[in-house]
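J.: here you go, sequence then predicted model.
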Amino acid sequence: MLDIDPDKLFDPYVSYEDCRPEFQKPFSYGDYLCATETHMFLRVDKSLLNADFATIDRDVSKIFPEANCCVSYTLRELEEAVDASMTGEEEIVVSPSIECDECDGTGFVEWEYISRHGHTYHDELQCPCCDGRGTFREKVKRKTGKKAANDGDCIGIGGAAIYTGYLAQMCETMRLIGSNHAELIAMKGHIYRFRLLSGVELVICATVQEPNYRLKI
Ligand SMILES: [Zn+2]
């Protein structure tokens with residue numbers, strides 16, 4: 001049994017896309033509790049967590065490829081690879097942007113013009129309060145001095161590549177569940193299936209366009 005908050009475990013994997021409402025929260029499928037944002041799919045054996053989610057009407061069993069390999073990576077090895085492949089700098093927002101309340105941040109308002117013959121005309125034009133910017137001040141960010149993954153950062157694994165951001169998320173989940181190694185148990189094209197702990201598995205569909213990785217593990 002895992003002594004962790006199910007929301008904390010599944011939240012990073014739920015979808016925020018309105019076109020996939022069934023994946024906007026964790027769900028139950030067979031013997032598993034699952035969550036996916038469609039690139040990463042986490043499934044946890046129901047016996048490990050004290051939680052129950054609604055079932056979905058979709059066959060997701062095929063997402064997990066048949067076991068065909070076994071390569072073990074320590075959490076430390078993965079964390080070092082993630083760190084070494086990051087080319088960005090972490091920034092945090094220290095002060096949020098100030099939205100224009102006249103145009104609700106859109107930068108446009110409706111204007112009205114009445115001609116000399118009494119005709120009224122309407123048009124959506126630039127907001128005069130914020131000059132069409134939508135905000136009075138952009139958000140203020142500060143660099144933390146830590147590294148962060150840029151969109152194209154990736155790591156070569158088994159002849160394909162995984163985006164660094166996905167592996168960073170996998171490390172985060174491993175730390176949360178107290179796992180110190182991950183086993184790559186299946187690879188099919190660009191689909192990776194990792195076992196993080198007995199009963200906890202993660203599939204990463206990592207089609208990296210033009211993989212340009214400097215690091216291979
Ligand atoms: Zn405005």
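T.: Yep, that arrived.
J.: near the ion, which residues of this protein?
T.: Within the chain, the positions near the ion by Cβ under 5 Å from the ion are C100, E102, C103, C127, C129, C130. Bear in mind the C-beta positions are built from the backbone N, C-alpha and C, glycine included.
J.: switch to 6 Å and redo it
T.: Within the chain, the positions adjacent to the ion are C100, E102, C103, G107, C127, C129, C130, G134 by Cβ under 6 Å from the ion.
J.: select only the buried ones of those residues in ChimeraX?
T.: Of these, the buried ones go into a single ChimeraX selection, burial set by 16 or more other Cβ atoms under 10 Å:
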select :100,103,107,127,130,134
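J.: got TSV for the residues of the chain next to the ion, with pLDDT and secondary structure too?
T.: TSV is the format used below for these (pLDDT from 0 to 100; DSSP: H, G, I helix; E, B strand; the rest coil):
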residue	pLDDT	secondary structure
C100	95	coil
E102	95	coil
C103	95	coil
G107	95	coil
C127	95	coil
C129	94	coil
C130	94	coil
G134	94	coil
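J.: how about CSV for the residues of the chain next to the ion, with distance to G118 added?
T.: Shown next, in CSV, are those (distance: Cβ to Cβ, whole Å):
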residue, distance to G118
C100, 32
E102, 28
C103, 28
G107, 30
C127, 27
C129, 28
C130, 31
G134, 33
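J.: ok, of the residues of the chain next to the ion, which one's closest to R43?
T.: R43 has its nearest neighbour among the residues of the chain next to the ion in G134, at 41.3 Å by Cβ to Cβ.
J.: pretty sure that closest one is touching D101, no?
T.: No: G134 is beyond contact range of D101, at 10.7 Å (criterion: Cβ atoms under 8 Å).
J.: in stretch 50-66, what counts as buried?
T.: A51, F53, V60, I63, F64.
J.: mean confidence score for it?
T.: Taken as a whole, stretch 50-66 carries a mean pLDDT of 88.
J.: span of that stretch from start to end?
T.: End-to-end distance of stretch 50-66 (Cα to Cα, to the nearest Å): 28 Å.
J.: and C100, what does it touch?
T.: Contact analysis of C100 by Cβ atoms under 8 Å, 6 or more residues apart in numbering lists G107, C127, C129, C130, R133, G134, T135, F136.
J.: correction: the previous question concerned E79.
T.: Applying Cβ under 8 Å, 6+ apart, we find E79 in contact with C171.
J.: are we agreed that it is in a strand?
T.: No: judged by DSSP: H, G, I helix; E, B strand; the rest coil, E79 forms no part of a strand; its state is helix.
J.: next one, pLDDT for it please.
T.: According to the prediction, E79 has pLDDT 96.
J.: same deal with the one 4 residues further on?
T.: Here the pLDDT value assigned to D83 is 94.
J.: my guess is it contacts K147, does it?
T.: Yes: counting by Cβ under 8 Å, D83 touches K147, with 6.3 Å between them.
J.: who has more neighbours, these two?
T.: Here D83 and K147 are compared on neighbour count by other Cβ atoms under 10 Å; more neighbours surround K147, at 18 against 14.
J.: and that one, which helix or strand is it part of?
T.: Applying DSSP states H and E as the criterion places K147 in strand 140-148.
J.: show me what that strand is in contact with.
T.: With Cβ under 8 Å, 6+ apart, strand 140-148 has contacts from D83, M86, T87, G88, E89, E90, E91, I92, V93, V94, S95.
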